[in-house]
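Q: got a predicted structure plus its sequence, pasted below:
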Number of protein chains: 2
Amino acid sequence: MLDRLGDRWTVLVLVELSKGTRRFRELERAIPGISQRMLSLTAKRLCRDGVVERTVYPTTPPQTDYRLTPMGESLAGMVSALADWSRENKDAIGAARSRWDREHQ
Amino acid sequence: MLDRLGDRWTVLVLVELSKGTRRFRELERAIPGISQRMLSLTAKRLCRDGVVERTVYPTTPPQTDYRLTPMGESLAGMVSALADWSRENKDAIGAARSRWDREHQ
């Protein structure tokens, strides 16, 4: 499962669902750049892993929503913290990489 | 940086260094299956990112040790928690996947 966290879309879907239940369209709008195909594939994988639950409502047209399972909630909390860490330290990591590249030319 | 966490060796090096400073040999022994080349490459990447610090001592032969920087410590804590989560939920995820595969043949 840990290897899945190297996938950006997986992280972004988990972070979005950590804010609450989302319709497919809501997820799509909340994650810029994700294609319908990739969102569907990512959601399917997370459902298969047992961290996300998908419910289809018999409306016309049928509505689908996604929510975190209890196991998913415990994961998403940590993933959100990591995503925050990554954002907060982005500049410091960039600076460290430039310094390293100068010192190791 | 988050994409790096999809790499098993990166996670295992961070988890080991979260327990304290380690010599290269100590890291190698603590991470079964990692080659010297992969350990050296992984450590170099983490040094370049500014999350690990490498010190070379002018002994004969020279000794090298690795420790987390303050930025690395804040990351490694979360990575260790995720590694624990992954281990604790391994069976539940396996069961969820088998159930999914049965239901989606």
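A: Arrived safely. Numbers count the residues shown, from 1 in each chain, chains lettered A, B, ... in the order given.
Q: what comes up buried for stretch A:88-104?
A: A:89, A:93, A:96 (16 or more other CB atoms under 10 Å in any protein chain shown). C-betas here are computed from N, CA, C, even on glycine.
Q: which residue ranges of chain A form helices?
A: A:8-17, A:24-30, A:36-49, A:70-88, A:90-103 (DSSP state H).
Q: what residues are bridge-paired with A:Thr64?
A: Going by DSSP bridges, A:Thr64 is paired in beta bridges with A:Val56.
Q: show me what residue of chain A gets nearest to chain B.
A: A:Gly6 (1.3 Å; CB to the nearest CB).
Q: how about the nearest residue to that residue, chain neighbours excluded?
A: B:Gly6 (1.3 Å; CB to CB, 6 or more residues apart in numbering or on different chains).
Q: from what I can see A:Arg67 touches A:Val52, true?
A: Yes: here A:Arg67 reaches A:Val52: they are 7.1 Å apart, a contact under CB atoms under 8 Å.
Q: between the two, who's got more neighbours?
A: Neighbours were counted for A:Arg67 and for A:Val52 using other CB atoms under 10 Å in any protein chain shown; A:Val52 has more, 23 against 14.
Q: isn't the more buried one right next to A:Glu73, touching?
A: No: the criterion here is CB under 8 Å, and A:Val52 misses it with A:Glu73 at 10.3 Å.
Q: okay, and the common contacts of A:Arg67 and A:Val52?
A: A:Leu17 (CB atoms under 8 Å, 6 or more residues apart in numbering or on different chains).
Q: and A:Gly72, what does it touch?
A: Counting by CB under 8 Å, 6+ apart, A:Gly72 has contacts A:14, A:17, A:46, A:50-53.
Q: most neighbours, which of those?
A: Counting by other CB under 10 Å, top hit in those: A:Val51 with 28 neighbours.
Q: phi first, then psi, for that residue.
A: When read as degrees, to the nearest 10, the backbone of A:Val51 gives phi -100, psi -10.
Q: hang on, it packs against A:Tyr66?
A: No: counting by CB under 8 Å, A:Val51 does not reach A:Tyr66; the two are 10.5 Å apart.
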